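J.: Build me a structure from this.
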Amino acid sequence: MHRLSSRRSVSALLRLRGASCRTTAAPACSSAPAGNTTTENEIRVGQYPAVSRGWCNIAGLSHSLNLKGSLASGRRLESTAAANDASPPPSAEKYEYQAEVSRLMDLIVNSLYSNKEVFLRELISNASDALDKLRFLSVTEPQLLKDGTVDLDIRIQTDKDNGIISITDSGIGMTRQELVDCLGTIAQSGTAKFLKALKESKDSGSDSNLIGQFGVGFYSSFLVAERVVVSTKSPKSDKQYVWEGEANSSSYSIREETDPDRLIPRGTRLTLFLKNDDKSFAHPERIEKLVKNYSQFVSFPIYTWQEKGYTKEVEVDEDPAEAKQEGEDDKAERKKKTKKVVEKYWDWELTNETQPIWLRNPKEVSTEEYNEFYKKTFNEYLDPLASSHFTTEGEVEFRSILYVPAVSSMGKEDMVNPKTKNIRLYVKRVFISDDFDGELFPRYLSFVKGVVDSNDLPLNVSREILQESRIVRIMRKRLVRKAFDMILGISLSENREDYETFWENYGKYLKLGCIEDRENHKRLGPLLRFFSSQSENEVISLDEYVENMKPEQKDIYYVASDSVTSARNAPFLEKLLEKDLEVLFLVDPIDELAIQNLKSYKEKNFVDISKEDLDLGDKDEEQEKVMKQEFAQTCDWMKKRLGDKVASVQISSRLSSSPCVLVSGKFGWSANMERLMKAQTVGDTQNLEFMRSRRVFEINPDHPIIKSLNAAWKSSPDDEDALRAIDLLYDAALVSSGYTPDNPAQLGGKIYEMMDMALSGKWLSAAEVQSAPGGSQTPGTLEAEIVQPVEAGHQK
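T.: Numbers count the residues shown, from 1 in each chain. Just a heads-up that it's a prediction; the model follows:
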């Protein structure tokens, strides 16, 4: 006997017993193999599989261990079953899962498909696969098409009064055993087995476009039908069989068709008896609409049973009274009275007339065909600005046609909403979805319309949700790249008006791309357009700006404002205009954010001229040093007066005609951005205070007002007029720099006071000044009205 520590012996036996408990799950407790004793404790563990993960079969452990002390005491335990440690675990029986078929069917049907109308897409896809199989097999077995009078097509007939839909194809059909294998086994795909056989065969060089792959498409019929009858005839069999099943049943029946009126030459007929709530699907108009939406580009013709009519003339019986009046003139010839009536009749109508032009060679498709396809597919009335037809091969294979609409049909809400219906996704020419949330295109390119068709796109079983995968990310990159190439082609067009139209409709989208998509900044930069100080009436590209740059210019200058007029008159531009340096005008609310995220273009940094530390490359250090010494105390005096309103007062290098300007700090909001943030409906006042940058008050030392204030500091720094002038100077700079004053009424009062001081008595006589409202409030008027009359009284 081996002496083991309690920790090691218990853990070893727990591992051994835990494995046994996990293997003998719930089915093991009902029956045990002969010769294998199952303790009562083991049976309990089988009934509750969750227990087997923890302390399982404690009673069983007591038979194997001779516990001489408590486990908690840490003593050594004596093992009485050393031979059992080395013996292999008892063999376990394997059992297959069982399922309640009716419940499983309900889960499959109602969980996989979110939209009931896709049942028709699935059934048409199955019919198309049956036709494809027949076509493939007939190459090596020509006798399968011995009945050459039957065309390869799909026909859909409805009975709206009784709620019945019948879908008939002339495909390969099924034998009795195939009915059992394909329709009687859930999730077994006959198409998948056929494709596997094709791949394993040596002569499988043909390209198959079979659609089915999951083996559950047929059961989508129970989304709308309470009973389904499948009548099928295989060319390999002389008999026709009928499969019948109900929605809430766990069984089905198969019988041989004996009614000669129901026999078909070849193929399959599905008859759906619709539920009461879904009988609207039996209307011919709705069936036609669903076929055109989902199965428009199936390679086989689809006919629907439609009511038609033609106009004909029929004779009208004459009124006896009118005949008596006209009877007097028997000799005159009378024309028989007729009327036009519409004669109704039912006939087959081809529903999928439009051909998938993306499958053709782009060199063989004319511009008119592209435009016509675009108008029909997306219900547009104008030709697109541009189109791109391409095929991608390699790791991911798909075909696509992309369009840029001539006019934006989207509102402001659609611009920030990535969900659009502009991209129609097809898998093997069968429409899957047009409801995407940014999987194929980012939202800033959501205006691009087009179709994407892939043979191996990763879809879920319902085919409605695009699974997130590496293949999808590769597709997205290639689609975005092709969209940029198409837009760049418009910008390089000889007709400049084409891109002006594009920019007017979609310029904001590309600016949004600068904010959201850093990977494509190099593609977005050449497409941007802005007004500038040298082009106020026509937008220019960044390439044109770089070409017009001065040799010594290192950066791209811009200023943000609410209009071209206010940007042109901003005091920040004065020095730059003197030097003939071009400045971009960012007048759209999104412009400033877009440029800040773009950061640079062709190794030229973007510089906001409304922020501090502007370097124009022409600094004279000696002159700047002299100016700072001359106005250092004046700047300190003004800073003391303004207090916390400004971070500092400095000598400006950007002003030429204005006395002062208020610039923002490097890392905070500009005046334009602060104005926009204040206007936000859900703006945060605390965040506003945090992000508002430090303001620097820059003065122009060459301006007469600043020279006067410099002299005031030297002679009388406490003079009230000089201090009021500083306050007014700051308020004026606040407005001219684009900021909003905190107290507009106070600013107005200061302006009125200064105007009164400047204009009092300039054009009025003394009597008019005295009688004017508020005239006695001015200092000059007070001296004239009070002092002079008093002196005259003393002389008398």
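J.: Can you show me the strands along the stretch 351-500 of the chain?
T.: Using DSSP state E, counting those that start in this stretch, the strands found in the stretch 351-500 of the chain span residues 386-392, 398-404, 419-420, 423-427, 430-433, 436-437, 449-454.
J.: what's the angle from the last one to strand 398-404?
T.: When axes from the mean of the first three to the mean of the last three C-alpha atoms, to 10 degrees is applied, the directions of strand 449-454 and strand 398-404 differ by 180 degrees.
J.: before we move on, what about the fourth one?
T.: For strand 423-427 and strand 398-404, the angle between their directions (the same axes, to 10 degrees) works out to 170 degrees.
J.: What pairs with strand 423-427, parallel or antiparallel?
T.: Strand 423-427 pairs in its sheet with strand 430-433 (antiparallel), strand 449-454 (parallel), by DSSP bridges.
J.: In TSV, list those strands along with distance to Lys292.
T.: C-beta: built from backbone N, CA, C; applies to glycine. As requested, these are exported to TSV (distance: least, C-beta to C-beta, whole Å):
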stretch	distance to Lys292
strand 430-433	9
strand 449-454	14
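J.: Out of those, which is the most enclosed?
T.: Counting by mean count of other C-beta atoms under 10 Å, strand 449-454 has the highest mean neighbour count of those, with a mean of 23.
J.: Other residues contacting it?
T.: 356, 358-359, 374, 377-378, 384, 396-405, 422-429, 440, 475, 479 (C-beta atoms under 8 Å, 6 or more residues apart in numbering).
J.: From the residues you listed, keep the buried residues only.
T.: 356, 358, 374, 377-378, 384, 396, 398-405, 422-429, 440, 475, 479 (16 or more other C-beta atoms under 10 Å).
J.: hang on, the earlier thing: and the strands paired with strand 423-427, which one's lowest on average pLDDT?
T.: Sorting those by mean pLDDT places strand 430-433 lowest, at a mean of 85.
J.: distance between that one and the chain's centre?
T.: 18 Å (C-alpha atoms, centre = their mean, to the nearest Å).
J.: Kindly report the same for stretch 272-280.
T.: 35 Å.
J.: then that stretch to PDB, C-alphas only?
T.: Extracted in PDB, the C-alpha atoms of stretch 272-280 (Å, rounded to 0.1, in the frame of the first residue of the first chain):
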ATOM      1  CA  LEU A 272     -48.500  26.000 -50.000                       C
ATOM      2  CA  PHE A 273     -51.800  26.200 -48.100                       C
ATOM      3  CA  LEU A 274     -51.300  29.500 -46.300                       C
ATOM      4  CA  LYS A 275     -52.200  30.400 -42.800                       C
ATOM      5  CA  ASN A 276     -55.200  32.700 -42.200                       C
ATOM      6  CA  ASP A 277     -53.000  35.600 -41.300                       C
ATOM      7  CA  ASP A 278     -50.700  35.200 -44.300                       C
ATOM      8  CA  LYS A 279     -53.200  34.800 -47.100                       C
ATOM      9  CA  SER A 280     -52.300  38.200 -48.500                       C
END
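J.: who touches whatever helix or strand Glu285 lives in?
T.: Per DSSP states H and E, Glu285 falls inside helix 284-294. The contact list for helix 284-294 (C-beta under 8 Å, 6+ apart) reads 117-118, 120-121, 124, 156, 158, 160, 165, 280-281, 302, 304-307, 349, 351-352, 430-431.
J.: Let me know the average pLDDT across that helix.
T.: Here the average pLDDT along helix 284-294 is 92.
J.: quick one, strands of the stretch 551-700 of the chain?
T.: 556-560, 583-586, 600-601, 604-608, 648-651, 660-664, 695-699.
J.: what's the closest of those to Gln240?
T.: Among the strands of the stretch 551-700 of the chain, strand 600-601 comes nearest to Gln240, with 72.3 Å by C-beta to C-beta.
J.: And the average pLDDT for the closest one is what?
T.: Rounded mean pLDDT across strand 600-601 is 94.
J.: Adjacent strands (with direction) for that strand?
T.: strand 604-608 (antiparallel).
J.: Okay, buried residues for the partner strand please.
T.: For strand 604-608, by 16+ other C-beta under 10 Å, it's 606-608.
J.: would you list those residues in JSON lines and tack on pLDDT?
T.: Below are the buried residues of strand 604-608 laid out as JSON lines (pLDDT from 0 to 100):
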{"residue": "Phe606", "pLDDT": "94"}
{"residue": "Val607", "pLDDT": "93"}
{"residue": "Asp608", "pLDDT": "92"}
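J.: Let's have the strands of the stretch 551-700 of the chain in a markdown table, adding distance to Asp129.
T.: Listed next are the strands of the stretch 551-700 of the chain as a markdown table, based on distance: least, C-beta to C-beta, whole Å:
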| stretch | distance to Asp129 |
| --- | --- |
| strand 556-560 | 59 |
| strand 583-586 | 57 |
| strand 600-601 | 53 |
| strand 604-608 | 57 |
| strand 648-651 | 78 |
| strand 660-664 | 66 |
| strand 695-699 | 72 |
